[in-house]
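Colleague: let me see the structure of the following:
(one chain, ligands or ions: 1)
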Amino acid sequence: MPVRAWFPTLIHCEPLQRAGLVRFNAELAEECRRLREFDAAGRRWSAKNYPGGYTSYASMNELHRFSSTFAGLERQLLRHVRAFARALDMDLRGRSVRMTDCWANIMPPTAAHSLHLHPLSFISGTYYVVTPRGCPGLKFEDPRLSKFMAAPPKLPGARPANRPHITYPAEAGNVILFESWLRHEVAANRVDEERISISFNFNWA
Ligand SMILES: [Fe+2]
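Modeller: A predicted model of the protein is given here:
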């Protein structure tokens, strides 16, 4: 094999746990909607920065410290983060790994989330709570895109790993993890129902 792949970009996607997801997601969805009612500062911030949607990103971004439901989510996510870090050959022996930020996102019809990354953490991700059929997925961008210079376009039948973007469908109960520097976005929600997700950052010490 004369050609081999190096410097891979890894993305982890798996159900949060084997059983009990429907009930757990119903609890999380209710808490997210209650949070939106209660969090006036978050609604104001969202009106300016997240048009049409609600996020607690700037107001209530440590939900795992205040809610036992979200603390339960943190415990489950930690297993996935450790497995992902192992797949990346990260040396976390004797280190602590913890969730530093955790916030809720509610995207009614038309809400979108433009291209961004997650500073001040090493692994970030999203957990899907409510995902109506046809709602937008999570679109990742090739981190080398700014270095492509004179690269020609890709063939219509290019292998997915060689394309400049990959979109993971949003599926309730799934957790998606990526290294925090990987840029991603969510296209506008074009279905009638709202989509609910929880985003988070992990760091190590
Ligand atoms: Fe994000």
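
Colleague: what is the end-to-end distance of stretch 157-166?
Modeller: Counting by C-alpha to C-alpha, to the nearest Å, you get 14 Å between the two ends of stretch 157-166.

Colleague: actually stretch 151-161, sorry about that
Modeller: One end of stretch 151-161 sits 16 Å from the other (C-alpha to C-alpha).

Colleague: before we move on, what about stretch 148-167?
Modeller: Using C-alpha to C-alpha, the end-to-end distance of stretch 148-167 comes to 20 Å.

Colleague: buried residues, that stretch. List them.
Modeller: Of the residues in stretch 148-167, Ile166 count as buried by neighbour count, 16 or more other C-beta atoms under 10 Å. For every residue, glycine as well, the C-beta is placed using N, CA and C.

Colleague: any idea of the mean pLDDT in that stretch?
Modeller: Stretch 148-167 comes out with an average pLDDT of 94.

Colleague: list the contacts of it.
Modeller: Outside stretch 148-167, the residues within contact range by C-beta atoms under 8 Å, 6 or more residues apart in numbering are Ala5, Ile11, Gly137, Leu138, Lys139, Phe140, Glu141, Asp142, Leu145.

Colleague: top of these by number of neighbours, please.
Modeller: Within the contacts of stretch 148-167, neighbour counts (other C-beta atoms under 10 Å) peak at Leu138, which reaches 23 neighbours.

Colleague: so the residue nearest the centre of the chain, which of the three states?
Modeller: Centroid check for the chain by C-alpha atoms, centre = their mean gives Thr126 as the closest residue, at 2.5 Å. Following DSSP: H, G, I helix; E, B strand; the rest coil, Thr126 is assigned to strand.

Colleague: then Lys154?
Modeller: coil.

Colleague: Phe200 now?
Modeller: Put simply, Phe200 is strand when judged by three-state DSSP.

Colleague: what's next to the helix ranked longest in the chain, contact-wise?
Modeller: Secondary structure assigned by DSSP state H gives helix 68-87 as the longest helix of the chain. With contacts defined as C-beta under 8 Å, 6+ apart, helix 68-87 is touched by 10, 12, 14, 16-17, 24, 27-28, 31, 63-65, 92, 97-99, 102, 123, 125, 127, 175, 177, 198, 200, 202.

Colleague: mind listing what's buried along it?
Modeller: In terms of neighbour count (16+ other C-beta under 10 Å), helix 68-87 has its buried residues at Phe70, Leu73, Glu74, Leu77, His80, Val81, Phe84, Ala85.
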